[in-house]
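# I would like the atomic coordinates for the input below:
(chains A and B)
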Amino acid sequence: MPPVPRTDPRSLIPLAPHVYHILLALQDRVLHGYALIKAIDEQSSGTIVLGTSTLYAAVNRMLDDGLIAEAQRPPGTEYDDPRRRYYAITPLGRRVAKAEAVRIRALDQLAAKHRLIPAKER
Amino acid sequence: MHRALVAVVLPRVFRRRYDAEISSAFDDLYAESRGRGPAAVLELWLREIRAMLSTRTRLHRRAPHPRPPGDATMRAFLDDLRFALRNLRRSPGFTVVALVTLALGIGATTTMFSVVHGILLSALPYPESERLVLIAEAQAGTRDNVFVASPANAADWAAQQQTLDGLAIVNLSFTTIPEEGGLTQLNGATVSHSFFDVIGAQPMLGRDFSPDEQGPESTPVTIISYGTWQQYFGGDSALVGRTIRLGNTESTVVGIMPRGYRSPEEHYFGPSDFWVPLTFDPAAQGRRGHWVRVFGRIRAGVTIEEAQTEFDGIQRRIHLEDPGADFEDHVPVVHPLRDAIAGDIRPALLLLLGAVGLVLIVACTNIGNLMLARAVARRHELALRTALGAGRARIVREVLSESTLLSLGGAASGLIITWLVLPKLIGFAPDLPRPEDVGINLPVVVFAVGAALTTGVLFGLIPAFGVLRHDPQQVLRETDRSGSGGRERQRLRQSLVVIEVGLSLMLLIGAGLLVRSFMRLMAVDPGFSADHVVTAQLRLPGGAEGTNRLLDLTNVLTRVRALPGVQSAGTVSTLPLHGLNNLSFSVRVDGVEYGDDDRFSTSASFRTVTPGYFDAMDVTVLRGRSFTDADGANAPQVAVVNDVFVERYLQAQDPIGRRVSDFQFANIEFDGTIVGVIQGVRYENLQIEATPELYVPFDQMPALGIQFLAARGMGRLPITSQQLRSVIREVNPSITMNDVTAMAQRVSEATARPRFNMMLLSGFAVFALILAAINLYAVIGYTVTQRRREIAIRMALGAEVGRVVRYVVKGGAVLVFIGAILGLVGAFAASRLLASMLYDVSPFDPLTFIAIPAITIGVALLASYWPARRIARVHPTIALRG
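Sure, this is the predicted structure:
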């Protein structure tokens, strides 16, 4: 039986870093697997390079949790590799991403308070 | 391969949902990483494998359902591997040595297999290529001119055969194409209209030839290659149907072959830029000249033997119906095309593959010994675990996982070595057939992994065998921590040394024989002198620009002879060791008895020469004279034969003045007298002796448009390309010239293959010997260490150092001698395999069979003596205390 989607964002955080990155990458566009891997590579300045299995395991989990959903192919991609599936962020996913961002910001401020990082450097 | 891993590692439910996407994403990632280089590809693979393994663990942790039983063994297997990996990491020295040895051994073996697979095993790139054959004529009893057939015979075969789907006649063809600045030469083939159909290839644009486009009266058409289309016509897609100028004709392009199409005649003629239908009628060309190649496709369900039988029958019918023609001596031979292309390289390749396999065994034995030493060091731990209840099987599995991991690592690094070495090997290997088919593909990878796993099991079993047979209680009770009680182990190590010495000796003897053979080959007198001779290939134009071939050639030669430093110059239709233009005819010689039906058993290779050629190549005139300018087109026809001709056909009687007649070439009948005898020249290669030859002055039979210029002068290259080019331009710019090479270089290329075989085998043999010596060194060293106390006691009791050393070395010497004897026996048994690669050396050559063992024993004794020197440093009291 698939797990029942939870609708309170706070119950889904903290997110694993690569899951958060997936949500960020999908903020304003629809992407397929390879494009997601490349986007995350770029966003994270090369610190997170996902293997295909890791990516799709995360995708699987996020689909189950309702953070992302399969999407229609964007116009112009009709002749692309038919195996590709595109994903888009859901409203729940946006809320979760936002909640995670808030959490991270709180941590940032805590670190600044303890002078681990300068307050301006964000 | 990625998909295969996914199928094995990831759970089924997940896989079903995401398999296609994962493949798609991986394909994109792979394509991108290939562009960034091999390091990026490796990084990608490592990341993927790690991701797969960790995803698997994570998915299982999440799964609420019970795991199916199959996965349990997978987990145990992965656990074993992880444990083995930890163990290997704890002894980095051993791991590195083992990996390097394995990488070299598996790398070398995989490289050789890749070559063997590409050339001997893999299918040719044509549909149902196993049905393709080459039909040749061989002179019964000898192997002269095996691959070339006579056109009239070929035409009869085509008409009468029923075992083939189709048969195509092919000959070399040249033409020129206008380009800025002049004419560019194109090489190609003239073919039967059914040629592409027989092969199973189709033009990608346009169409194949049609039957009415063949023959002397047909409108000129051509099919061009993809490369020609791109290079000279800019890939113009409207080219089909247009006419282009080829040579002197306006030819319509009817088809363009696809990119990457490899045509079978290219193995003999070199790359084809274009194809044209036969412009001559094969049936009208007579049976006495052999100069076409015939390809065929056997009908489905028919065997080669059946086809051969049919062709034998057809030939016999031809004999009966047309007894005037010569060919009693020629029999048709139906070869599978793949074998014909591989040619005589097969025995050498298989031998090298076998040799490298032996090297791999030696390498494995070394690693086995190393692992044995490690297992001995850990035997207390193993005994404890056995005593505490760990099953023997479990421990064996552990040892085997270590060796499996090592061998897989060896396979991976071996494949990397193959990937690096293979292109260089192909570049260095002389005239390898089908080099495009040699590469790293699935069968090669499977072979590497298979070899690795097999060797892993082999050398994994050695320590398992050596350590686990002991009663664990006994091991635990041992007070002597150095473990000298391992009599059986020592015996095992010694037998391994014996095996290694034996195998190395076999390889060394093989290498030694090849060295001797090569030296003999270098000493061969080819019948001419190659130093200070430069050669070039000239193509005299036909048709309108070529109306004055005789004059052109004479002018060219006059000017060439006038160049500074040139002593003599001439031309010939076939250069020795070149292989082009090899025509042969059956001729009638007066004074020779022929049978009633007028068949001529006297056939000879036919060549046209100009005066000065024999001087330029320093060919000795044995009797009579060579040609002069007086032997012109209107003078009486004359011929020069070689000594082989005289011996074979005239029983060494004086041939001067004898009439030679009854053959024709290009509509000129020959009926002339022999005026001279020259020393035989080796034409095909250095190993094969000269065959009967007949030379005719070019002026009297100028039909062959290709002539090779040979000029003797000072220095290695008496004439440069530029000089020759300007001479030709002055005389007739339509003459094309290429392949300006020093004759000495051609000779060197002719010995390239034996040199290559020799160097490769020697390399393998030396590597094996080094491994064996290292192993021997280790074993003796181990003995010295183990028997410290015994040695110390002997010395304390007064034995002098020298005697003790000799005593230890004697132990090693015994092993070496036993190994040498076994190696000699093996070499005797196997050296027959080398016979086809040896020139003028017996496979049982006594010198080699004595010298090599002597050298091997010497090296091995040195390896035994070296660690024994340590004995001198053993101080008795210290040793006794320790």
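
# so the closest residue to chain A within the stretch 351-500 of chain B is in which element?
Nearest residue of the stretch 351-500 of chain B to chain A: B:A412, at 18.1 Å (Cβ to the nearest Cβ). Where you see a C-beta, it was placed from the backbone N, CA and C, and this is true even at glycine. In this structure, B:A412 sits in helix B:392-428 according to DSSP states H and E.

# ok, back up a step: tally of neighbours for the residue of the stretch 351-500 of chain B closest to chain A?
B:A412 has 19 neighbouring residues, counting by other Cβ atoms under 10 Å in any protein chain shown.

# Enumerate every residue touching B:L461.
Each residue near B:L461 by Cβ atoms under 8 Å, 6 or more residues apart in numbering or on different chains is listed here: B:L400.

# Is there a neighbour count for the one residue in chain A that gets nearest to chain B? I'd like the number.
Using Cβ to the nearest Cβ, the single residue of chain A nearest to chain B is A:G51, 2.3 Å away. Residues lying near A:G51 (other Cβ under 10 Å) number 25.

# Show me what from chain A comes close to chain B.
Counting by Cβ under 8 Å from any Cβ of the partner chain, the residues of chain A close to chain B are A:32-34, A:37, A:49-57, A:59-60, A:81, A:83-85.

# Out of those residues, list just those in strands.
Under the assignment DSSP state E, those contribute A:H32 to strands.

# In ChimeraX, how would I select the buried members of the residues of chain A next to chain B?
Filtering the residues of chain A next to chain B down to the buried ones (16 or more other Cβ atoms under 10 Å in any protein chain shown) takes a single ChimeraX command:
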select /A:32,33,34,37,49,50,51,52,53,54,55,56,57,59,60,84,85
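
# Show me what the helix holding B:A412 is packed up against.
Other helices and strands packing on helix B:392-428, by 3 or more Cβ pairs under 8 Å, 6 or more residues apart in numbering or on different chains; DSSP states H and E, are helix B:70-90, helix B:92-116, helix B:346-377, helix B:379-387, helix B:442-467.

# switch the cut-off to 7 Å
helix B:70-90, helix B:92-116, helix B:379-387, helix B:442-467 (3 or more Cβ pairs under 7 Å, 6 or more residues apart in numbering or on different chains; DSSP states H and E).

# Least reliable of these by average pLDDT, please.
Among the helices and strands packed on helix B:392-428, helix B:379-387 carries the lowest mean pLDDT, at a mean of 71.

# Surely B:L186 is in a strand?
Yes - when DSSP: H, G, I helix; E, B strand; the rest coil is applied, B:L186 is found to be in a strand.

# Report how many residues lie close to it.
Neighbour tally, B:L186, other Cβ under 10 Å: 20.

# Nearest spatial neighbour of it, chain-adjacent residues omitted?
Spatial nearest neighbour of B:L186, excluding adjacent residues (Cβ to Cβ, 6 or more residues apart in numbering or on different chains): B:D273 at 4.2 Å.

# Chain A versus that neighbour, what's the distance?
To chain A, B:D273 is 36 Å away according to Cβ to the nearest Cβ, to the nearest Å.

# just B:L650 next, same as before
Taking Cβ to the nearest Cβ as the measure, B:L650 falls 76 Å from chain A.

# What is the burial count for residue 18?
Looking at chain A here, since you left the chain open. A:H18 - counted by other Cβ under 10 Å - has 18 other residues nearby.

# Hmm, no, I was thinking of chain B.
By other Cβ under 10 Å, the residues close to B:Y18 number 22.

# Would you agree it is in contact with A:Y56?
Yes - the criterion here is Cβ atoms under 7 Å, and B:Y18 meets it with A:Y56 at 4.4 Å.

# What's the nearest residue in chain B when you look at chain A?
Per Cβ to the nearest Cβ, B:A51 is where chain B lies closest to chain A, at 2.3 Å.

# Can you check the pLDDT for the nearest residue to B:Q679 once chain neighbours are set aside?
Nearest residue to B:Q679 in three dimensions, chain neighbours excluded: B:T620, at 4.3 Å (Cβ to Cβ, 6+ apart). On pLDDT, B:T620 comes in at 91.

# tell me, how many neighbours does B:T620 end up with?
For B:T620, using other Cβ under 10 Å, the count is 14.

# Who are the contact partners of the residue of chain A closest to chain B?
B:47-48, B:50-52 (Cβ atoms under 7 Å, 6 or more residues apart in numbering or on different chains).

# let's go with 6 Å and repeat that
If a contact means Cβ atoms under 6 Å, 6 or more residues apart in numbering or on different chains, then A:G51 has B:47-48, B:51 as its contacts.

# which non-adjacent residue is nearest it?
Once flanking residues are discounted, A:G51 sits nearest to B:A51: 2.3 Å by Cβ to Cβ, 6+ apart.

# just B:V438 next, same as before
B:G118 (3.4 Å).

# surely the one you found meets B:D437?
Yes - between B:G118 and B:D437 there is a contact under Cβ atoms under 6 Å: 4.0 Å.

# Against B:V677, how distant is the residue nearest to B:Q679?
B:T620 sits 10 Å away from B:V677, going by Cβ to Cβ, to the nearest Å.

# can you count the residues close to B:P423?
Counted with other Cβ under 10 Å, B:P423 comes out at 12.

# do the same with B:D27
Look at B:D27: counted by other Cβ under 10 Å, it has 15 neighbours.

# Angles on the backbone of it, please.
Phi and psi for B:D27, reported as degrees, to the nearest 10, are phi -60, psi -40.

# Could I get the pLDDT score of it?
Looking at B:D27, the pLDDT reads 90.

# returning to that earlier point: any idea how many residues pack against the residue nearest to A:G51?
As a burial measure, B:A51 scores 20 neighbours (other Cβ under 10 Å).

# in which helix or strand would I find it?
Element membership for B:A51, per DSSP H and E: helix B:38-62.

# List the contacts of that helix.
Contacts of helix B:38-62 (Cβ under 6 Å, 6+ apart): A:51, A:53-54, A:57, B:9-11, B:14, B:29, B:33-34.

# same deal with stretch B:339-357?
By Cβ under 6 Å, 6+ apart, stretch B:339-357 touches B:108-109, B:112, B:116, B:119-120, B:134, B:267, B:433, B:507, B:757, B:760-761, B:764, B:833, B:836-837.

# Quick one: buried ones out of those?
Buried residues within these, counting neighbours by 16+ other Cβ under 10 Å: B:108-109, B:112, B:116, B:119-120, B:134, B:267, B:433, B:507, B:757, B:760-761, B:764, B:837.
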